[in-house]
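Enquirer: Just the structure for this:
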Amino acid sequence: MGKFQSTKLFDGFSCVFRQWRADNTHCRFLHGYGVSFRVWFEGDLDERNWVWDFGGMKRAKGTIDGMSPKDWMDYMFDHTLIVAEDDPCRGNFESLNAQGLAQVRIIPATGAERFAQFIFDKLNPFIQEETNGRVKVTRVEFMEHNKNTAIYED
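Expert: Reported below is the predicted structural model:
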């Protein structure tokens, strides 16, 4: 028996981050990218013969961190400065946020691989709840300028 999958590309985001542990590379400095991510959905078809409604993030009833999924994506990745929670300069970045100079978002870890995992961990429970367990997220691919990608999958 086969299985049904669909994918959706979420793009148009710009964010800045650094990988403070990358001692010997320029990635330890603040740098920005146009970012996007592709999400793989898997599950049974609904009454419309869809795995996931491609416009479903706009029409969703549920929320992610108290926001609609579309608003959450914009909040996290649109003109933001993303900082790892263990970054030794976290306080400096939070000060920029307090001064209105940056929209700082604190997450467990930075880097394409960790962003893919972070998005997966946020979207999968949301999708499962939104579809009453009919659909799950199986993979997230995070892209920097469409040249560098990292994948996290279940």
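
Enquirer: In a strand, residue 53, correct?
Expert: No. Going by DSSP: H, G, I helix; E, B strand; the rest coil, the assignment for residue 53 is coil, not a strand.

Enquirer: close enough to count as contact, it and residue 69?
Expert: No. Under the criterion of C-beta atoms under 8 Å, residue 53 makes no contact with residue 69, lying 11.7 Å away. Every C-beta, even on glycine, is put in place using the N, C-alpha and C of the backbone.

Enquirer: Those two: which is more packed in?
Expert: residue 69 (22 against 18; other C-beta atoms under 10 Å).

Enquirer: Skipping adjacent residues, who's closest to that one in space?
Expert: What sits nearest to residue 69 in space, not counting adjacent residues and going by C-beta to C-beta, 6 or more residues apart in numbering, is residue 57, at 4.2 Å.

Enquirer: Tell me which residues are up against the helix or strand containing that neighbour.
Expert: Assigned by DSSP states H and E, residue 57 belongs to helix 56-59. Outside helix 56-59, the residues that touch it by C-beta atoms under 8 Å, 6 or more residues apart in numbering are 8, 10, 53, 68-70, 73, 130.

Enquirer: Next one: the residue nearest to residue 69 from residue 41, what distance?
Expert: 11 Å (C-beta to C-beta, to the nearest Å).
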